[in-house]
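K.L.:
Coordinates for the following, if possible.
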Amino acid sequence: MSTNSWYKVTTTDYAERHFIKAFKKRYNNVWDKTMNAINEMLSRIDMFIKTSKAERIHKSDSCYIAKCEFKIAWSNESPKTSWNRIIAYVDESEKEVQILLLYTKTDIQWWNETVWWQKQIRENHKEIYSKFNYQI
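P.N.:
Below is the predicted model:
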């Protein structure tokens, strides 16, 4: 894993429509700054994954699913206590990161966050799910 190159960060249409749209509405004054910080953070995922704010969840060959914490720009909360999370697909060989889900834990109507996001990936990101279906 190289620390000398930046990763290309993209957001899936599903994440944009179902999650980011709500964040934009809720935090309209600071959302652009927050999203810029998220993109910056994920563009250096190889370094960010070494912190306590990100972890590899599932790995397959040179790809993995990462769960990351983030905070809203200029808020007094830490990323952990904000309960804001990103589920991202990372392809180390292509140096690409795709934001699959971006949510706050308070928006989840399920009793188990992990079961919820795994179901979201299984139903809405089938091509990625197929790479990890033995684990997710």
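
K.L.:
next one: phi and psi at the residue nearest the centre of the chain?
P.N.:
The residue lying closest to the centre of the chain (C-alpha atoms, centre = their mean) is I86, at 2.6 Å. Dihedral pair for I86: phi -130, psi 130, per degrees, to the nearest 10.

K.L.:
So the closest residue to it other than its chain neighbours, which state does it fall into?
P.N.:
Spatial nearest neighbour of I86, chain neighbours left out: C68 (4.4 Å); criterion: C-beta to C-beta, 6 or more residues apart in numbering. (Each C-beta comes from the backbone N, C-alpha and C, glycine too.) State at C68, reduced to three classes by DSSP: H, G, I helix; E, B strand; the rest coil: strand.

K.L.:
and what of the one 5 residues further on?
P.N.:
Counting by three-state DSSP, the backbone at A73 sits in coil.

K.L.:
residues contacting the residue nearest to I86?
P.N.:
When contacts are counted by C-beta atoms under 8 Å, 6 or more residues apart in numbering, C68 touches M41, L42, F48, K53, A54, R85, I86, A88.

K.L.:
What is the least confident helix or strand in this protein?
P.N.:
The weakest-scoring helix or strand in the chain, judged by mean pLDDT, DSSP states H and E, is helix 79-82 (a mean of 80).
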